[in-house]
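Participant: Below are the sequence and a predicted model; questions follow.
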Amino acid sequence: MLTILKLLFNLFNPRKKENQILVKVLTEDAESDYLDFLNQDSSCSCHINPPCYICTHPGNPLGLIESDYDFELVNVEESNNRIKYDDLIRSIK
């Protein structure tokens, strides 16, 4: 529950630093893993043999939002064409 509250706080509270707005985006490695995850041909097979490769994939958005080391804060101008934290949250719903 605390993690969810922390995530919501970070989502709706961009941090300002010296008149710069910082946004939370995936690191390059995490973004590569996420795009690889999106290109998977198969779906979850945990009903046969848990845990499956899809659920344990390093680019699975459910796992990415739980870790802080997969994100970095960048200036809003530098965040173009990067996968933002709030975009990742929306992809789960």
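Facilitator: Received the coordinates, thanks. Numbering: from 1, shown residues only.
Participant: what sits up against stretch 47-66?
Facilitator: Applying CB atoms under 8 Å, 6 or more residues apart in numbering, the contact partners of stretch 47-66 are 3, 7, 26, 30, 32-38, 40, 42-46, 70, 85, 88-89, 91-92. No exception for glycine: its C-beta is placed from N, CA and C like everyone else's.
Participant: Please enumerate the helices of this protein.
Facilitator: 2-12, 28-38, 53-56, 61-64, 85-92 (DSSP state H).
Participant: List the buried residues of the longest strand seen in the chain.
Facilitator: Secondary structure of the chain per DSSP state E: the longest strand is strand 20-26. The neighbour-count check on strand 20-26 (16 or more other CB atoms under 10 Å) flags Leu22, Val23, Lys24, Val25, Leu26 as buried.
Participant: same check, this time on stretch 26-45
Facilitator: Leu26, Ala30, Glu31, Asp33, Tyr34, Phe37.
Participant: The residue nearest to the third one when sequence neighbours are not counted: neighbouring residues, count only.
Facilitator: Once flanking residues are discounted, Glu31 sits nearest to Ile83: 5.3 Å by CB to CB, 6 or more residues apart in numbering. Ile83 has 19 neighbouring residues, counting by other CB atoms under 10 Å.
Participant: quick revisit: mind giving me the packing neighbours of the longest strand of the chain?
Facilitator: Applying 3 or more CB pairs under 8 Å, 6 or more residues apart in numbering; DSSP states H and E, one finds that strand 20-26 contacts strand 15-17, strand 71-75, helix 85-92.
Participant: CA-only coordinates of it, as CSV, when you get a sec.
Facilitator: Taking C-alpha atoms only, strand 20-26 is exported to CSV below (Å, rounded to 0.1, in the frame of the first residue of the first chain):
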residue,chain,number,x,y,z
GLN,A,20,13.2,23.1,-14.1
ILE,A,21,10.4,20.5,-14.1
LEU,A,22,11.8,17.0,-13.8
VAL,A,23,9.8,14.0,-15.0
LYS,A,24,10.3,10.3,-14.2
VAL,A,25,11.3,8.2,-17.3
LEU,A,26,12.5,4.7,-17.8
